[in-house]
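S.K.: Below is the structure, and that's it, no one-letter string:
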């Protein structure tokens, strides 16, 4: 299950769904089915990304990238979780950088040690597109390659 931002409690729905049995005329009815939390998700692969210098040398890599689009049909909450692995493929003192951005803000990441490192960004709210950017250098202006991921229908 993907990460999800905190949401308000649905005590009335939860209480009704957790009713185990009702006594009617001395007979017990079967236990109610497990409660549905209302969360619906769809995960989409965003694949790989590389950032190269002018000579074609790869300096930064992203792999195993996925975006999980989530919504709750009970309370109307939406969220997105982006997971990927980031690598500084040249340990030359210049770090690999990545940014995940959407309509709800952005989160920056870096990796400097030549080791695949898992990164996760979770956003609350509804958004129609998530951008994953990669580069190498010392600032956000060094992000040179990007991929846009559009929300699936219904999310």
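M.R.: Yep, it's here. Only a predicted model underlies this, so the values are computations on that prediction, with no experimental measurement involved.

S.K.: Can you verify my assumption that residue 111 contacts residue 87?
M.R.: Yes - look at residue 111 against residue 87 with Cβ atoms under 8 Å: they come within range, at 6.2 Å. Quick note: C-beta positions are derived from backbone N, CA and C, even for glycine.

S.K.: which of those two has more neighbours?
M.R.: residue 111 (22 against 19; other Cβ atoms under 10 Å).

S.K.: Report the contact partners of that one.
M.R.: 60, 86-88, 95-96, 117 (Cβ atoms under 8 Å, 6 or more residues apart in numbering).

S.K.: How is the residue most central in space within the chain assigned, secondary-structure-wise?
M.R.: Most central residue of the chain, judged by C-alpha distance to the mean C-alpha position with Cα atoms, centre = their mean, is residue 81 at 1.0 Å. Put simply, residue 81 is strand when judged by DSSP: H, G, I helix; E, B strand; the rest coil.

S.K.: For residue 111 and residue 87, list the residues in contact with both.
M.R.: What both residue 111 and residue 87 touch, as defined by Cβ under 8 Å, 6+ apart, is the set 60, 96, 117.

S.K.: show me where the protein has helices.
M.R.: For the chain, the helices defined by DSSP state H occupy 11-17.

S.K.: just to revisit the earlier point, could the contacts of residue 111 go into TSV alongside pLDDT and distance to residue 150?
M.R.: Shown next, in TSV, are those (pLDDT from 0 to 100; distance: Cβ to Cβ, whole Å):
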residue	pLDDT	distance to residue 150
60	94	24
86	97	22
87	96	26
88	94	29
95	92	29
96	94	25
117	97	27
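
S.K.: Just the closest of those to residue 68, please.
M.R.: residue 86 (17.8 Å; Cβ to Cβ).

S.K.: For the residue nearest to that closest one when sequence neighbours are not counted, give its distance to residue 69.
M.R.: Nearest non-adjacent residue to residue 86, counting by Cβ to Cβ, 6 or more residues apart in numbering: residue 111, 4.5 Å away. Distance, residue 111 to residue 69, by Cβ to Cβ, to the nearest Å: 25 Å.
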